[in-house]
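Q: A structural model of the following input is requested.
(3 chains)
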Amino acid sequence: MLRVRSLDVENFGPYYGLQSINFGGKDGVIVVFGENMRGKTSLLNAIRFALFGKILGRGEREIEAHKLLNLQAKKEGASKFTVSLRLEKDGTMYDIVRSCNAPDTDNSEITIETVLFVGGEPQSQNRTAAILAELLPEQISRFFLFDGELLQQYEELLLDESEAARGIRESIESILGLPVLIHGREDLATILDDVRRAETRSAKKHKATEALASQLEILNAKLLTAKEQAKQIKNEIAELTKQREETEDLLGRSAKIEALLARRNSIEEDIDSLETQQEELSQSLSKMLAVSWHWPLIEGLNGRKRKLTNEYVELRGQIKAIERESHLKDLRSTAKKESKCPVCFGVVNPDADLEFSNRSAIRGDFSVLQTREEQVLGQINLLNQLTLDDHGPAAVEVSRQLHQLKMELQVKRTDHGDVMAQLLTSPTKEVEGARQTLGHIIAAVQKHKATLAVVQKEINDFESSIATAQQKLRATGEPSLSLETRRREIVEGLRDAFARAVDRYRDELRGKVEADASELFKKLTTEPDYERLVINKNYGLQIQHKDGFMVEVRSSGAEHIVALSLVGALQANAPLRGPLFIDSPFGRLDENHVERVVRSLPDMAKQVVLLVYKKEMSEHVARDMLKSKLLSEYELKRISAIHTEIERFSGDGL
Amino acid sequence: MSNPEQEMLKILIEEVNGLELTNPELLVKGILEAERDTANAEDRRPTHRRLRDLIDEVLKVEMGDS
Amino acid sequence: MSMDKKTIGVSAESQHILDLITDKTLYRDQVDSARFAVSLALAKGLEPVDGSDLYTKWNV
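A: You can find the predicted model right below:
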């Protein structure tokens, strides 16, 4: 079992100075929390750099190592970063120290140095490369350093004809140990050619078998030529396939460029629309704010207005009363003078005692009241002019909408930045002519395959003829041949046994991977109607519904679950057991699925390191689901945009 | 030996059954070990030598020392 | 009513606060945010402070 014991990074990526993580030697799970751009992927890259001298960027593209020099350190004049990785395998410690030195911007000065200690003993450069290749072969590293953001590569497995699928299938079969059988078959086939020639040479020495031997000699020579020809054609096909992959990759990027441009345009339209809305809302809010000084006073002023209105009503009443009284007095006075009522013209007794009040006094009160009424009315009109409407709640709502728009704009601008960055690194000019080239390559491959089929048939015919001649040779019973013949029979038998074993082992393994992946899938999924996973020859996994049909369209959440099931199943069936580093494993999974995945982690591998951000999985989920299996928790703390520190905040269960 | 390795061995022993070897397990184990040791080697000649030596050991036992 | 004000003055500290409010909100003009500040003070019944360190900002 391969186990990661510790990782030290110095001035690497966002890690300024020396930062360390101790993974310990126990089975269990370690969680590293880090928000976006804090350095989770850089940790995976640190391990890749230590093991393979490589650093991968988005889409698995290799990045020049010197670009990972920490910017804070670079500002201070540093030119070197170092990664130290300690591994343990079957009780032996392997310490890899790899550093990259880029003294100035001239790329030719960049040097990468590697030192390996095995059990404390330094190793030579030649031995170092060989030991590291055996410790964790790069081809299978993707199943130990699992990047949740590269899920689409697992979707490729479902596409039988895709070259990417072939590549991943080879990786999977590599991790499952199949190459041992394939190499065995090929080595034994090579030995068989020699052994046959030896048998033929021996047969030529005896008169009874001379003719047969000559026939065999000719057949063997033809067989060898045909095999050489087949080998050459296969090499050419491989070379053309590689060119095809590169061309398809380029065209894929062209399609990607078109998609990126379309996306850029769409984002820019969205930004325009949001900015227009933002401007309109800002203007609306500014207008409301221009009269916002009303709001604190509205209640008070409205109260004052009510009071003034009441006063006005009272004054009016009083004034009216006085006017009425005054009018009545006038009428009484006229009635007394004319001895008749001015209203009804009835006769009035001149001696009647009519009320007569002091007009000037009434007038004095009256003018005070009138003056006051004028004042009150004036104040009321002033207050009316203020149009005291309470736009406060509306302004708050507009402000909230503006904030929301600001957030949306921020997201859109970030997306825009991402898209532009991708566009700027895209080789738009190289795409020209790629389609034509692809056509030529495909035609050439088809032609080679047809020729190969013909040559293969010739090989089969020669093998058949050789077998017949060998049977005849054996039938002669020549005793001196028996050793050579027996040797040839054994080697032939071994070659055929290995050939059959390749197919059997592959089928059995595929069956086991399917069974283990299905079992894990059932633990991870919350959908009870999903019966199991079904595997294809590329180890692509389809979900089978309990009613028997395959689930054709899968959400990215389902894709995550299937990919995790495959990784877990491969770990269970691989001769090489190793640690499982998972970067952003949860993606778009809901909380239920996250809990199930976390609970199942100890089943997927003995040593698991989870790199997550807190919104993806909160601390309590890990603690509740894993309990004693949670060994420790780390956090990638932001000191600045170019300085992250690794801090352990819990656990010493190492 | 891991489970996958045991499985591989089991399949091979079954497949070489028809060769009537005295100790097929020893031979097959030896071949597998040689292949694992040289899995990444580009030059296959040392591997071929090891395999031939294993087969010659089997022949010595079968046919007696000459 | 006593004399209507013809000038509005601010202290250095008040100016700093006006700068902050106008920066963080959408008050187009500092006179609007100043009006708001005055009406809020009135509504809360705050006592006017000593105006000796004021400098005239607006003529109204």
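
Q: pretty sure A:V608 sits in a strand.
A: Yes: assigned with DSSP: H, G, I helix; E, B strand; the rest coil, A:V608 falls within a strand.

Q: now do the contacts for it.
A: A:G28, A:V29, A:I30, A:P579, A:L580, A:F581, A:I582, A:L601, A:P602 (Cβ atoms under 8 Å, 6 or more residues apart in numbering or on different chains). No exception for glycine: its C-beta is placed from N, CA and C like everyone else's.

Q: how about the residues of chain A by chain C?
A: A:282, A:285-286, A:289-290, A:292-297, A:299-300, A:402 (Cβ under 8 Å from any Cβ of the partner chain).

Q: got the contact list for the helix or strand A:N592 falls within?
A: Element membership for A:N592 (DSSP states H and E) is helix A:591-604. Residues from elsewhere that reach helix A:591-604 (Cβ under 8 Å, 6+ apart): A:27-29, A:520, A:523-526, A:557, A:560-561, A:564, A:567-568, A:571, A:580, A:585-586, A:589, A:608, A:610, A:616-617, A:621-622, A:624-626, A:629.

Q: would you mind writing the CA trace of that helix as CSV?
A: What follows is helix A:591-604, C-alpha atoms only, in CSV (Å, rounded to 0.1, in the frame of the first residue of the first chain):
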residue,chain,number,x,y,z
GLU,A,591,-26.4,18.0,0.9
ASN,A,592,-27.9,14.5,1.0
HIS,A,593,-25.4,13.2,-1.6
VAL,A,594,-22.5,15.1,0.0
GLU,A,595,-23.2,13.3,3.3
ARG,A,596,-23.4,9.9,1.5
VAL,A,597,-20.2,10.5,-0.3
VAL,A,598,-18.4,11.6,2.8
ARG,A,599,-19.7,8.6,4.8
SER,A,600,-18.4,6.3,2.0
LEU,A,601,-14.9,7.8,1.7
PRO,A,602,-13.2,5.3,4.0
ASP,A,603,-14.7,2.5,1.8
MET,A,604,-13.1,4.0,-1.3
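
Q: now it: how far from the chain's centre is it?
A: Counting by Cα atoms, centre = their mean, to the nearest Å, helix A:591-604 is centred 18 Å from the centre of its parent chain.

Q: out of the residues of chain A next to chain C, which are inside helices?
A: Assigned to helices by DSSP state H, the following of the residues of chain A next to chain C qualify: A:S282, A:L285, A:S286, A:L289, A:A290, A:H294, A:W295, A:P296, A:L297, A:E299, A:G300, A:L402.

Q: how about the helices in the stretch 1-150 of chain A?
A: A:40-52, A:71-75, A:125-135 (DSSP state H, counting those that start in this stretch).

Q: of the contacts of A:V608, which is the most crowded?
A: Most neighbours among these, by other Cβ atoms under 10 Å in any protein chain shown: A:I30, with 27 neighbours.

Q: related to what we said a few turns ago, which of the helices of the stretch 1-150 of chain A sits most buried?
A: Neighbour counts (mean count of other Cβ atoms under 10 Å in any protein chain shown) averaged over each of those peak at helix A:40-52, with a mean of 23.

Q: kindly export that one (C-alpha atoms) in PDB.
A: What follows is helix A:40-52, C-alpha atoms only, in PDB (Å, rounded to 0.1, in the frame of the first residue of the first chain):
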ATOM      1  CA  LYS A  40      -6.400  23.400  -3.200                       C
ATOM      2  CA  THR A  41      -5.400  22.500  -6.800                       C
ATOM      3  CA  SER A  42      -1.900  23.700  -6.100                       C
ATOM      4  CA  LEU A  43      -1.600  21.000  -3.500                       C
ATOM      5  CA  LEU A  44      -2.400  18.400  -6.100                       C
ATOM      6  CA  ASN A  45       0.000  20.000  -8.500                       C
ATOM      7  CA  ALA A  46       2.700  20.000  -5.800                       C
ATOM      8  CA  ILE A  47       2.400  16.200  -5.600                       C
ATOM      9  CA  ARG A  48       2.400  15.900  -9.400                       C
ATOM     10  CA  PHE A  49       5.500  18.100  -9.500                       C
ATOM     11  CA  ALA A  50       7.300  16.000  -6.900                       C
ATOM     12  CA  LEU A  51       6.400  12.700  -8.600                       C
ATOM     13  CA  PHE A  52       6.500  13.500 -12.300                       C
END
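
Q: point out where chain B drops to low pLDDT.
A: Residue ranges of chain B with pLDDT under 70: B:1-2, B:64-66.

Q: and it, which residues reach chain A?
A: B:2-5, B:7-8, B:11-12, B:15-16, B:18-19, B:21, B:27, B:31-32, B:35-36, B:38-40, B:44, B:47-48, B:51-52, B:55-56, B:58-59, B:62-63, B:66.

Q: kindly write the ChimeraX command that selects the buried subset of the residues you listed.
A: Buried residues among the residues of chain B next to chain A (16 or more other Cβ atoms under 10 Å in any protein chain shown), as a ChimeraX selection:
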select /B:4,7,8,11,12,15,16,19,21,27,31,32,35,36,38,39,47,48,51,52,55,58,59
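
Q: let's see which of the residues of chain B next to chain A end up in strands.
A: Members of those lying in strands (criterion: DSSP state E): none.

Q: if we can go back for a sec, and A:N536, which of the helices of the stretch 1-150 of chain A is closest to it?
A: Distance to A:N536, taken as Cβ to Cβ, is lowest for helix A:40-52 among the helices of the stretch 1-150 of chain A, at 28.4 Å.

Q: could I get the average pLDDT for the closest one?
A: If you average the pLDDT over helix A:40-52, you get 91.

Q: point me to the residue of chain B nearest chain A.
A: Proximity of chain B to chain A (Cβ to the nearest Cβ) peaks at B:E15, 3.8 Å away.

Q: in what helix or strand does the residue of the stretch 351-500 of chain A at minimum distance from chain B lie?
A: Taking Cβ to the nearest Cβ as the measure, the stretch 351-500 of chain A has A:A497 as its residue closest to chain B, at 3.8 Å. A:A497 belongs to helix A:482-524 when elements are defined using DSSP H and E.

Q: residue contacts, the residue of the stretch 351-500 of chain A closest to chain B?
A: When contacts are counted by Cβ under 8 Å, 6+ apart, A:A497 touches B:L12, B:E15, B:V16, B:L19.

Q: now the last one: closest residue in space that isn't a chain neighbour?
A: Computed as Cβ to Cβ, 6 or more residues apart in numbering or on different chains, the closest residue to B:L19 that is not its neighbour in sequence is A:G493, at 4.2 Å.
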